[in-house]
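**Q** take this sequence and fold it.
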Amino acid sequence: MAEPTAIQNERLGHLFELELQFQWEMPLSLLAKAGEGEYIGSGEGAAKGPTMHGTVRWDLFEKREETLCRSNLTGVIETNDGAQIRFDSRDSSSSQTSRTRTNGSRLHRCASTRQTGATSG
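**A** Residues are numbered from 1 along each chain as shown. So this is what the prediction gives:
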């Protein structure tokens, strides 16, 4: 993938930050069918940015393999003006045990790749 030019970088800007809270016993959202892997949990939260504010509802899925963990966070942001923005964020983390600590826990070194997409509706 080519590096973005200075002109392309000037067009990118901060849209919002998400604050996500896990909710015990919260049912799957309507977007749950889009998740990949084993269902981990759901939650709610807030989207806050310079030009957009709203609420968030999300589901988390994971698919664990021997040295790889694939996470899939799906959800929807409902903005204060009623628009809905659906998102699908996929993250792959690989870990390799570097050593076992004296208390028996393992110390891991991780590398991660994140891919995020969104659509409005």
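**Q** quickly find the element holding the closest residue to residue 77 other than its chain neighbours.
**A** In this structure, residue 77 finds its nearest non-sequential neighbour in residue 85, 4.4 Å apart by Cβ to Cβ, 6 or more residues apart in numbering. Bear in mind the C-beta positions are built from the backbone N, C-alpha and C, glycine included. Assigning secondary structure by DSSP states H and E places residue 85 in strand 84-100.
**Q** do the same with residue 40
**A** strand 38-48.
**Q** now that strand: average pLDDT?
**A** Mean per-residue pLDDT for strand 38-48: 92.
**Q** in terms of secondary structure, what does that strand contact?
**A** strand 17-22, strand 53-64 (3 or more Cβ pairs under 8 Å, 6 or more residues apart in numbering; DSSP states H and E).
**Q** strand partners of it, parallel vs antiparallel please.
**A** strand 17-22 (antiparallel), strand 53-64 (antiparallel) (DSSP bridges).
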